[in-house]
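In: please find the sequence and the predicted model below.
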Amino acid sequence: MNVTRGFTGRRRVSRPGLPPGQYDAGDDWPVLSAEVTPDLAPAHWSFRVDGLVERPHTWNWDEAHALPGSAYEGDIHCVTGWSKFGVRFGGVSLDAFLAVVGPHVSATHVLARSHTGYTANLPLTDLTGGRAWIAWDQAGVPLAPEHGGPARLIVPHLYFWKSVKWIAGLTLLDHDEPGFWEGNGYHERGNPWEEQRYRGD
């Protein structure tokens, strides 16, 4: 695991919008990765949605960019303790991708996967209704590789390990299937406002 400095030993200062146990990272954006950052060019990137859907589909870079654009502006929170306020991610709402594939009524959960093989599980309801994005820029510039570029999943209302870097696809399921960190003791959902950091929280 690769971790930048600053994940421990920070004094927690309360401020509006800061979940319990978090600190304001200010202008910093610490990097935490379970794997080595891949060398993935946009021309080689793809995104597939399959599983319990009517029409499994794969998008390349240009096809994904042809969908209606959407942006998230707000805050993000990492399970390691930092929060970053006023960030802006540009990309496409996940609703646009799901509209193409048509989820089955039996689909309740999603296993998100990275081009590196990393996975994270999420309830489907956490990815719909304008709550999740496939993002490829941050503050108007291309998303840096160490932050998940060329494209990553953004699920800002959950701890940021759920926002899979180097996103490759989603598989819709009728059950919950633990991802990488969930299989290593992290919480199944990861709500920062309830401090759902570890299994049983």
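Out: Everything's here; your move.
In: helix or strand with the lowest mean pLDDT in the protein?
Out: Every helix and strand in the chain was compared by mean pLDDT, DSSP states H and E; the lowest is strand 2-3, with a mean of 36.
In: what's downstream of the longest helix along the chain, the next helix or strand?
Out: Longest helix of the chain, by residue count under DSSP state H: helix 94-101. For helix 94-101, the succeeding helix or strand toward the C-terminus, using DSSP states H and E, is strand 109-114.
In: pLDDT averaged over that following strand - what is it?
Out: The pLDDT scores in strand 109-114 average 98.
In: for that strand, packing partners?
Out: Under the contact criterion of 3 or more CB pairs under 8 Å, 6 or more residues apart in numbering; DSSP states H and E, strand 109-114 touches strand 119-123, strand 167-173. Where you see a C-beta, it was placed from the backbone N, CA and C, and this is true even at glycine.
In: surely Gly148 and Ala168 touch.
Out: No: when contacts are counted by CB atoms under 8 Å, Gly148 is not listed as touching Ala168 (11.5 Å).
In: between the two, which one's more packed in?
Out: Remark: of Gly148 and Ala168, Gly148 carries more neighbours, 26 against 21, as counted by other CB atoms under 10 Å.
In: got the contact list for the more buried one?
Out: By CB atoms under 8 Å, 6 or more residues apart in numbering, Gly148 lies in contact with 135, 163-167.
In: closest to Ala41 among the residues you listed?
Out: Nearest to Ala41 among the contacts of Gly148: Trp166, at 11.5 Å, using CB to CB.
In: so how far is His109 from that closest one?
Out: Note on Trp166: its distance to His109, by CB to CB, to the nearest Å, is 21 Å.
In: which of these two has more residues huddled nearby?
Out: Trp166 (24 against 21).
In: before we move on, the earlier item: pull out the buried positions in the longest helix of the chain.
Out: 94-98, 101 (16 or more other CB atoms under 10 Å).
In: would you mind measuring the gap between the ends of stretch 149-161?
Out: 15 Å (CA to CA, to the nearest Å).
In: where along the protein do the strands fall?
Out: For the chain, the strands defined by DSSP state E occupy 2-3, 23-24, 32-33, 46-51, 57-60, 70-77, 82-93, 109-114, 119-123, 133-138, 141-142, 152-154, 167-173.
In: deepest-packed of those strands, please.
Out: strand 152-154 (a mean of 26; mean count of other CB atoms under 10 Å).
In: re the thing from before, list just the one of the strands of the chain that sits closest to Gly185.
Out: strand 119-123 (13.6 Å).
In: please state the offset of the closest one from the chain centre?
Out: 9 Å (CA atoms, centre = their mean, to the nearest Å).
In: give me the number of residues near Pro68?
Out: 9.
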